[in-house]
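Student: here is a sequence together with a model predicted from it:
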Amino acid sequence: MANLWSGRFDSAPNADVFDFGKSLPVDKRLIDDDIAGSRAWAQALGKSHVLSQTDTDSIVAGLDAVQEAVHADPSMLDRADDEDVHAFVERELVERIGDAGKRLHTGRSRNEQVSVDFRLYLRRRIPVLQRAVVSVVEALVSQAERAGDATMPSYTHLRRAQPVLVAHVWLSYAAALRRDWDRLETARHEADLMPLGSGAIAGTSYAIDTAFLAETLGFSRVTLNSIDTSGDRDFVASFMYACALCMTRLSRMAEDVILFTSEEFGFFELADEVATGSSLMPQKKNPDPMELVRGKAGTAIGVLSGWLATMKGLPLGYNKDLQEDKALAFGAEDDLDGCLMTVAAVVRTLTPRVGVMRQAASGLLLATEVADYLVGRGMPFRTAHEVSGRIARDLYESGRDFSALTLDDWRGYHEVFEDGVFAAITPEAAVRARLTPQSTGPDAVAAALAETRAWTVDPFREERCAEGPLGSPLFGAV
Ligand code: ARG
């Protein structure tokens, strides 16, 4: 069997070992990127007069034909016996246009091809994930709008802490997801370097116009050093990190949804369409999709740490170990995409139980308000904390809360308590008392809601996500 390197060898490869080394089943996803890279490379060779205009035209047309054939029948990629996507494209090209096709690889290595392909791939695929992040933020914003002035407890140490607006909780996830969006943007920026011209490791001996290649392929920069380029997969690690941290976020959100929709909390009702039943226990309504999101976060973290472990021992330059990156990164991408879709669907369809949440926000967690009330009447905070703590302890021991106290009871603890204490010690008053821009104060939350809503419809982002980074149909449907 002839392959890309058979000239050097006496015997055909051991078929099983060759199969073991094949990456086509995985890197077939890069087909459009590989063809785009090759098309630009052929043009660069033509521009430098390494290829005749006739050969260049013939290669470009041949690559178009290969792309058309693969799009018409993607199963071609599954039937093929080539080592990787680069070998597949070259063989298909030579079969179509003959000798001109054999000139395409002049001055180029698969080591830089795989780099350019994967960079192009991430450049066009990351916006798809970013769009899915925006969908989750949209679902959070619509829940926040729906929540109005409803209150619920916030928790620290999973113990009731202070009343907050339900909207404030939804917007807290939105604030964090916006960091995830930015982190994906950073990964996309890191992929934005054009590696061609690096050759296998030492660079190429033809005067290739790398700026032309960068511009043609939609990169804003060219890599700095051919040795570094051939073995660099930092951009892949950065992508995995962005995925792993976003998955960590979704996992924490999933955990909250699981808790808040449980019988014990009962703050929200999970929609039937995103819940599952039990084959044995008829009463069950399980949050399986959220559990799966939480579970997949573990896998995403494993992808990142596994990849770092693969990279850490490699000598300078390309090593075949690097081939492992794609299965891991594609898995992380698919999981993140599925999890974002699922979380958006679950959040969008949650029904709040306003009464249950308000009740839970009305108990001893108003103790901070009691202390603040006393501070408002001139008492030092430390003393106020102690007075409020004493009242809370007594109430806790008698199984009651602040609403059980009469004015005499209040004044029994301290004479500064007056009639106004009843209105001050409610979840609504607690929320209204919060004044900083990050707080759960109703004005702050209304402003945050408007600002977050505006973020979801940012026209610059919409435009870029819709067109794809390269604005070119050559890169296929996403
Ligand atoms: N399939 C390889 C990868 O994914 C492409 C580069 C192979 N280069 C080589 N010299 N074997 O990393």
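Tutor: Now that the structure is in, tell me what you want to look at.
Student: check which residues of the longest helix anywhere in the chain are buried.
Tutor: The residue-count maximum for a helix in the chain (DSSP state H) belongs to helix 110-147. Going by neighbour count (16 or more other CB atoms under 10 Å), the buried part of helix 110-147 is 110-127, 129-141, 143-144, 147. C-beta coordinates here come from the backbone N, C-alpha and C atoms, glycine included.
Student: near the ligand, from these?
Tutor: Under the cut-off given by CB under 6 Å from any ligand atom, the ligand has 110-111, 114 from these close to it.
Student: redo those residues as TSV? Include pLDDT.
Tutor: Output for these, formatted as TSV (pLDDT from 0 to 100):
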residue	pLDDT
R110	96
N111	95
V114	98
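Student: let me know the closest of the residues you listed to M240.
Tutor: Nearest to M240, judged by CB to CB, of those is V114 at 16.6 Å.
Student: shouldn't S135 be in contact with L340?
Tutor: Yes - A contact is recorded between S135 and L340 when judged using CB atoms under 8 Å, the distance being 6.8 Å.
Student: just checking, A207 touches S48?
Tutor: Yes - counting by CB under 8 Å, S48 is a contact partner of A207 at 5.3 Å.
Student: what parts of this structure come near the ligand?
Tutor: Near the ligand, the residues belonging to the chain are 23, 27, 84, 110-111, 114, 320, 322-323 when assessed by CB under 6 Å from any ligand atom.
Student: so what pLDDT did the residue in the stretch 201-350 of the chain positioned nearest to the ligand get?
Tutor: Per CB to the nearest ligand atom, Q323 is where the stretch 201-350 of the chain lies closest to the ligand, at 3.7 Å. Predicted confidence (pLDDT) for Q323: 98.
Student: repeat for K284
Tutor: The predicted local confidence for K284 is 87.
Student: which of the three states applies to it?
Tutor: Local secondary structure at K284 is given as coil here, using DSSP: H, G, I helix; E, B strand; the rest coil.
Student: from V236, how far out is it?
Tutor: Spatial separation of K284 from V236 under the definition CB to CB, to the nearest Å is 41 Å.
Student: of the two, who's got more company?
Tutor: Taking other CB atoms under 10 Å, K284 and V236 do not tie; V236 has more neighbours (26 against 11).
Student: so where does Y373 fall, helix or strand?
Tutor: When elements are assigned from DSSP states H and E, Y373 belongs to helix 367-376.
Student: run through who's touching that helix.
Tutor: 162, 381, 383-385, 387-389, 391-392, 402, 414, 416-417, 420-421, 424-425, 429-430, 433 (CB atoms under 8 Å, 6 or more residues apart in numbering).
Student: of the residues you listed, select the buried ones using a PyMOL command.
Tutor: The command below creates a PyMOL selection of those among those that count as buried (16+ other CB under 10 Å):
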select buried, resi 162+384+385+387+388+391+392+402+414+416+417+421+424+425+429+430+433
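Student: restricted to strands, list the contacts of helix 367-376.
Tutor: Where those overlap with strands, as defined by DSSP state E, the overlap consists of Q162.
Student: mark which of the contacts of helix 367-376 are part of helices, please.
Tutor: Where the contacts of helix 367-376 overlap with helices, as defined by DSSP H, the overlap consists of 381, 383-385, 387-389, 391-392, 421, 424, 429-430.
Student: of these, which pair is most distant in space?
Tutor: Spatially, the most separated pair among the ones in helices among the contacts of helix 367-376 is T383 and A429, at 21.5 Å (CB to CB).
Student: pick the one among the ones in helices among the contacts of helix 367-376 closest to the ligand.
Tutor: Minimum distance to the ligand across the ones in helices among the contacts of helix 367-376 is 57.3 Å, recorded for A430 (CB to the nearest ligand atom).
Student: I'd guessed that closest one sits against L366; true?
Tutor: Yes - checked against CB under 8 Å, the pair A430 and L366 is within contact range at 6.1 Å.
Student: name the residues contacting each of these two.
Tutor: Between them, A430 and L366 share the contacting residues P163, judged by CB under 8 Å, 6+ apart.
Student: what's the helix or strand for the nearest residue to L51 once chain neighbours are set aside?
Tutor: Once its chain neighbours are removed from consideration, L51 has its nearest residue in L45; the separation is 4.2 Å (CB to CB, 6 or more residues apart in numbering). L45 is located in helix 31-47, with elements delineated by DSSP H and E.
Student: swap in T106?
Tutor: T106 belongs to no helix or strand, assigned by DSSP H and E.
Student: which residues touch it?
Tutor: T106 sits in contact with 45, 50-51, 206, where contact means CB under 8 Å, 6+ apart.
Student: how about 10 Å then?
Tutor: Neighbouring residues of T106 by CB atoms under 10 Å, 6 or more residues apart in numbering: 41-42, 45, 50-51, 55, 204-206, 208.
Student: these: which two are farthest apart?
Tutor: The two members of those with the most space between them (CB to CB) are D55 and S205, at 18.6 Å.
Student: who has more neighbours out of these two?
Tutor: For the pair D55 and S205, the greater number of neighbours falls to D55 (21 against 10), based on other CB under 10 Å.
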